[in-house]
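**Q** quick one, fold the following:
(one chain, ligands or ions: 1)
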Amino acid sequence: MIERTLVLLKPDAVQRCIAGEILTRFERAGLKIVGLKMVWIDKDFSKEHYAAHVDKAFYKGLEEFITLGPVIAICYEGVSAVEVVRKIVGPTEPKTAPPGTIRGDYAHHSYHFTDKKGKAIRNLIHASGNPEEAKVEVALWFKETDLHTYGTVHDGHVL
Ligand code: AMP
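**A** Here you go, the predicted model:
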């Protein structure tokens with residue numbers, strides 16, 4: 001039940017200088033950072049990370065977006081962390097993401113607009129889709145020695 005999941009703060013989040021506010025959202029929910037780093041990925045790494053999307057029409061724009069500046073990669077740990085993180089992040093399209101979610105509160109881009117422009121939707125965050133995907137993605141972004149086991153004040157209440 002204790003899971004690890006990958007979160008990426010995409011270049012729009014980093015360049016809009018809202019990384020701290022976003023990290024606070026996860027921190028408030030009691031999720032534990034077990035790994036964190038800033039990386040400027042290249043196109044090859046993008047193809048590995050987005051292997052499921054490489055053949056899709058939107059991939060070209062997605063690759064341009066994810067490689068345009070550094071991202072902040074975080075491995076979070078917690079009870080059902082994959083599902084909880086995706087709840088906090090909200091649905092993929094900011095326009096339809098409800099208020100209270102990160103995408104709903106900090107962005108508003110729509111597929112209708114980005115499809116016409118041939119741009120990737122600016123949705124601030126990537127979050128692993130399910131526990132199997134999370135295992136693959138955490139291993140792609142972090143070496144085991146970069147992930148840390150330690151206690152937080154939440155552990156005494158939650159575990
Ligand atoms: P996902 O793996 O489902 O998180 O999707 C990865 C990223 O691909 C999303 O965060 C969007 O940036 C982009 N994406 C997914 N689906 C679409 C779509 N239908 N149109 C445009 N971009 C998309």
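
**Q** could you find the closest non-adjacent residue to the residue in the chain that the ligand sits nearest to?
**A** Ranking the residues of the chain by distance to the ligand (C-beta to the nearest ligand atom) places F58 first, at 3.6 Å. Any C-beta I mention is one placed from the backbone N, CA and C, and that applies to glycine too. With sequence-adjacent residues excluded and distances taken as C-beta to C-beta, 6 or more residues apart in numbering, F58 is closest to A120, at 6.6 Å.

**Q** contacts only, for that neighbour.
**A** 58, 61-62, 64-66, 114 (C-beta atoms under 8 Å, 6 or more residues apart in numbering).

**Q** ok, of those residues, which come out buried?
**A** Among those, those buried by neighbour count (16 or more other C-beta atoms under 10 Å) are 58, 61-62, 65-66, 114.

**Q** okay, those in a markdown table with secondary structure and pLDDT next?
**A** Output for these, formatted as a markdown table (DSSP: H, G, I helix; E, B strand; the rest coil; pLDDT from 0 to 100):
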| residue | secondary structure | pLDDT |
| --- | --- | --- |
| F58 | coil | 91 |
| G61 | helix | 94 |
| L62 | helix | 96 |
| F65 | helix | 97 |
| I66 | helix | 98 |
| T114 | helix | 93 |
